[in-house]
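*Asks:* sequence and predicted structure, then a few things I'm wondering about:
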Amino acid sequence: MYKRIVIPLDGSAVAEAALSPAVELARLSGATIHLVRVVDDTWLTRYGVIGLPVGAESAGDILAEEQDDASRYLTAMRAQLAQTGIPITTELRRGRAADEIRASVDEGDLLAIATHGRSGLSRFALGSVAEEVARGMQSPVLLCHARKEDATRESLLAVARPDLQGQAAV
């Protein structure tokens with residue numbers, strides 16, 4: 001049915017809400033799970049070093065640290081999901097999130113992406129990467145609505161233990 005099920009993750013509990021349904025679909029279809037993490041480096045080109053409160057060398061350090069964190073996160077998620085017996089692949093990309101997520105999906109893939117399910121003013125103010133990605137896709141998309149407790153857990157983690165943010169269990 002599907003060759004791969006592509007799951008974009010940003011390290012948050014909300015994004016990880018797509019894992020359970022994707023794993024179940026992979027089991028049923030014999031697909032590989034492909035985890036994607038995008039390091040958004042567009043802020044550097046958008047604002048340039050002049051608009052940042054850091055120097056050029058610091059901006060490079062920040063990006064390198066983000067990439068290292070993202071790589072460690074993908075490795076941890078891959079190890080966690082390996083227990084399912086489903087083949088797991090990972091990919092780290094740099095660029096604008098919506099564009100890179102779309103680019104990571106090949107013909108024959110299913111994209112499983114979580115959404116906050118915001119509406120009204122918060123949706124207008126914060127935008128929706130999931131919606132933007134889904135609108136531009138030629139491949140099938142499974143939108144997974146994150147439960148309210150996922151978002152609450154994420155906000156509590158951010159306040160209580162910023163070092164644990166995005167460390168949700170599958």
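*Replies:* Okay, I see it.
*Asks:* which parts of the helix ranked longest in the chain are buried?
*Replies:* If you go by DSSP state H, the chain has its longest helix at helix 56-82. Residues 59, 63, 70, 73-74, 77, 81 are the ones in helix 56-82 that count as buried (16 or more other C-beta atoms under 10 Å). Backbone N, C-alpha and C define where each C-beta goes, glycine included.
*Asks:* tabulate those residues in a markdown table, adding columns for distance to A134 and pLDDT.
*Replies:* A markdown table is the format used below for those (distance: C-beta to C-beta, whole Å; pLDDT from 0 to 100):
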| residue | distance to A134 | pLDDT |
| --- | --- | --- |
| A59 | 31 | 65 |
| L63 | 28 | 82 |
| A70 | 23 | 94 |
| Y73 | 23 | 95 |
| L74 | 23 | 96 |
| M77 | 22 | 96 |
| L81 | 23 | 96 |
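*Asks:* can you get me a residue count around T32?
*Replies:* 16 (other C-beta atoms under 10 Å).
*Asks:* state the distance from it to I113.
*Replies:* 17 Å (C-beta to C-beta, to the nearest Å).
*Asks:* show me where the chain has its helices.
*Replies:* Under DSSP H, the chain gives helices at 19-29, 42-47, 56-82, 97-103, 120-126, 129-135, 148-160.
*Asks:* and the last one, average pLDDT?
*Replies:* The predicted model gives helix 148-160 an average pLDDT of 45.
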